[in-house]
Every structure is written in structure tokens, then in C-alpha cells.
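Colleague: Sequence first, predicted model second:
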Amino acid sequence: MSSLPAGWYKDPADPDTQRYWDGEGWLGKAIPADAVPPDGPPPAEEEALPAPETAPATPAAQTPPQAQPAPPPGWGPQPAPPPGWQPPPGWQAPPQGWQPPPGTQPPPGWQPPPGTQPPAGWQPPPATQPPPGSQPPPGWQPPPGWQPPPGWQQMPPGMRAGLYPAVQARPHGFALAGLGPRLIARLLDILAVLLLNVVVNGWFAYQWAREFAPMYRATIDEMANGGSAWDVQASGRMDGLLWAMLIIATLLWLLYEAPAISSSGQTLGKRIMRIKVVAVENTEPLGFGRAFGRWARLGLWTPAWGCAGIGFVLQLIDCISPVFDQQLRQAFHDKTARTVVIALPPDDRQPVDATTGGGGGTTHTP
């Protein structure tokens, strides 16, 4: 005897129809699967319709009635649909108090719908835990008694909960140059330019000192007599010599840095510290125009040193600006030229443009 309760079900012989199962066999005629079945068994007139009057057939011509196929073992309605699911037309809910056949289990992760009783022996699925080293989604609450895996609570310093740590940029596969090596390289370049000025600007400096000495003595005498140091005015020749030295120093700095950056990306100080200036988009040489624009943002303020040191202050601000750029460590003059300063590895590898394949050294893929 089958354990399937009486009701309308899809005909196993023809899934496109449905028939009434009385617990022992199929009754009545099949109706379309999407039709709304009547409540209870089909009417009696549908079960046995009067046969047309025909001549009595011989016993040899009579065929035995075919037995209705029984449902497969363990067959029953599927578990409850998810929230918001709408049944198809003609679907009938199982009778009150229906239970699945013994031995059947709902699929993994199945949850009973609100207001219904779960099948006998049903156990809720185990609570999922976040994988080690990951952060739970917003609003997630751990189940009662749950313990986080070792190291799950540990986060890098300065990292906020729910955020990933910032990834250090590696332009063209190379690390960014550190602020310390960049500072030392700039000091070495200043020393190199200063030595050039001693050679080229030496005569102008000597003439300026000769003009300055009488003015200095006159200033001391004026202050000794109760006067003010501002009463002594510098000569026009002295001012002209000062502006000449500043302009020559600017040109020497330009000729020292711009050609070197345009061709190789390295001045003497950058070569010693193994750092290099490259473009943001590729590793091709910058060219003189782009290198000049990078230098001009910083070097053209040199003549303004004669204006109460305004040029020096602006250059100092530009030199410390990489401290405030945590992503690419670009100074203001780097942002103007769209360049970055990278650190070269100790194996003499140089950035090579991947599109041309040119350049010396070992290629480095990002």
C-alpha cells in the first residue's frame, strides 16, 4: 500500500495531465496539468461513463484493463518554495498534517517557511563562518557560541574595519623611491650646482663682495652713532651684480638638470641614490620639453630669492610636497610633468618600454 495521501497529482504516465489518487489507485479521467481541479475526488459520472451499445464481444476479443502506474518510492511534494514564490495555476497545497515519506530529507540549506512546522528530524544548517583573514559583511552577527578563527581579529595598524589595506603603487613594476633617498639626491644635486656656480659666478661674487664691504662698514658706523641700519642704501651696481648671479645660477641649474632628466631620467644625485624619473604612462625618455616643464615649476623661482627670500620658501614647499601624496609621492613639479620617481633594484635593471622592447638591461614586467 502506498503512503501517498489522496489528492490531485500529476499523472506519472503523462506529466502534462493530472489525476486523482485515492491512496490505492488513480480515479477518473486525466485533466490538463494547468487546470484547476475540483475539491476532492472527481464526480461519479466522470469515473464511469455509459459505454455505447455495441455487439457483445467474444471473450477472446476482450483485453484486460491496464493497471495504473504507481508513483515512484519516496515520491512526494517538494520542500517549501522560497519567500515570494507564487505557485503556478492549478497548484494544490498538500493536505493538513501532511508529512514527507519516512527517510526523505530536505535539500541542504532548506529553511521552513514562516508559520509552518519543519519535518520530523529536521535540523537547521550549521552557521557559516567567515574565512580566516576576512571581514564579515555589514550587519553580520555571529551565531551564539561562535568563536573567530585565530588571527581573524588582527588587522594592520591604521586599517579600519571593513576596509582593505591600501596597495602600494608600483609604476611599471618598480617601487616608488623613498623620501629619504630623494632628499639625499636633491642635496647632492644642489652641491653639484653650487660647485658650478663657484666656477662660473666666482667673478660676479667677488665684485659683489667688493661693493658689499664699504656698505657693511658704513652700516656699522651708522648704528654706532645711534642711527638705523636701513639708512644705508646699497649701490645700484651691487643690486645688478646680485640679479646677475641669481640669473646665472638659474641657467646653470637648468643646464645641469633638464638635459639629464630628458634623456636618462637621472641627474648625478639620482644616479648615486639609484632612483629615476619616469613618465606615468610609459618608460620612454621624457624629452627636453617635458623635462623643462618639470624643472621650471621648481627652478624658475630661483631669481625670486632676491625678493626677501620668497623664491626659496616656494621651492622648499615644492620639495616637501611628496610627503602629502601617499599614492604616488609626486611633488608639485612631478604633477605638472606627469612623472614619478622610482627606485631601481640592485641588479642594474632599468625600466624598458614594453611596446618597443628597446633599452638596455633586463626587462621587468609589471
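Modeller: Yep, that arrived. Note that the structure is a prediction, hence the values are computed from the model and not measured.
Colleague: separation between Leu183 and Ala169?
Modeller: Leu183 sits 20 Å away from Ala169, taking Cβ to Cβ, to the nearest Å as the criterion. Every C-beta, even on glycine, is put in place using the N, C-alpha and C of the backbone.
Colleague: let me redo that: Val313
Modeller: Taken as Cβ to Cβ, the span from Val313 to Ala169 is 30 Å.
Colleague: Give me the neighbour count for Ala33.
Modeller: 18 (other Cβ atoms under 10 Å).
Colleague: can you tell me which residues contact it?
Modeller: Contacts of Ala33 were listed using Cβ atoms under 8 Å, 6 or more residues apart in numbering, and they are Lys10, Pro15, Asp16, Thr17, Gln18, Gly90.
Colleague: Okay, and which of those map to strands?
Modeller: Lys10, Pro15, Asp16, Thr17, Gln18 (DSSP state E).
Colleague: are any of the residues you listed buried, and which?
Modeller: If you count burial by 16 or more other Cβ atoms under 10 Å, the buried members of the ones in strands among the contacts of Ala33 come out as Gln18.
Colleague: Nearest to Asp189 among the ones in strands among the contacts of Ala33?
Modeller: Pro15 (85.2 Å; Cβ to Cβ).
Colleague: Give the closest residue to that closest one in space, chain neighbours not counted.
Modeller: The shortest distance from Pro15 to any residue other than its chain neighbours is 7.0 Å, reached at Ala33 (Cβ to Cβ, 6 or more residues apart in numbering).
Colleague: Walking through the chain, point out its strands one by one.
Modeller: Taking DSSP E to define them, one finds strands in the chain at 7-11, 14-21, 26-32, 275-279, 339-343.
Colleague: check contacts around Gly226.
Modeller: Gly226 makes contact with no residue, according to Cβ under 8 Å, 6+ apart.
Colleague: rewinding a little: identify the farthest-apart pair in the contacts of Ala33.
Modeller: Using Cβ to Cβ, the pair of the contacts of Ala33 lying farthest apart is Pro15 and Gly90, separated by 13.3 Å.
Colleague: for the stretch 101-250 of the chain, what are the low-confidence residue spans?
Modeller: Applying pLDDT under 70 to the stretch 101-250 of the chain flags the ranges 101-140, 147-167, 229, 231-232.
Colleague: And the stretch 251-366 of the chain, by the same measure?
Modeller: Low-confidence segments of the stretch 251-366 of the chain, defined by pLDDT under 70, span residues 348, 352-366.
Colleague: where exactly do the helices run in this structure?
Modeller: Defined through DSSP state H, the helices belonging to the chain, from first to last, are 44-47, 179-200, 202-224, 236-263, 268-273, 288-299, 310-320, 332-337.
Colleague: how much space between the closest residue to Arg294 other than its chain neighbours and Gln330?
Modeller: Closest residue to Arg294 apart from its sequence neighbours, by Cβ to Cβ, 6+ apart: Ala337 at 3.6 Å. Ala337 is 9 Å from Gln330, where distance means Cβ to Cβ.
Colleague: okay, those two: which has more neighbours?
Modeller: Under the criterion of other Cβ under 10 Å, the comparison of Ala337 against Gln330 puts Ala337 first, with 23 against 20.
Colleague: circling back: and the strands of the chain as TSV, adding distance to Ile220?
Modeller: Supplementary listing: those in TSV, determined by distance: least, Cβ to Cβ, whole Å:
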stretch	distance to Ile220
strand 7-11	116
strand 14-21	116
strand 26-32	119
strand 275-279	47
strand 339-343	47
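Colleague: For Asn282, state which of the contacts of Ala33 is nearest.
Modeller: Closest approach between these and Asn282, by Cβ to Cβ: Pro15, at 64.6 Å.
Colleague: re earlier: determine which of the helices of the chain approaches Gln350 most closely.
Modeller: Across the helices of the chain, Gln350 has its closest neighbour in helix 268-273 (11.6 Å, Cβ to Cβ).
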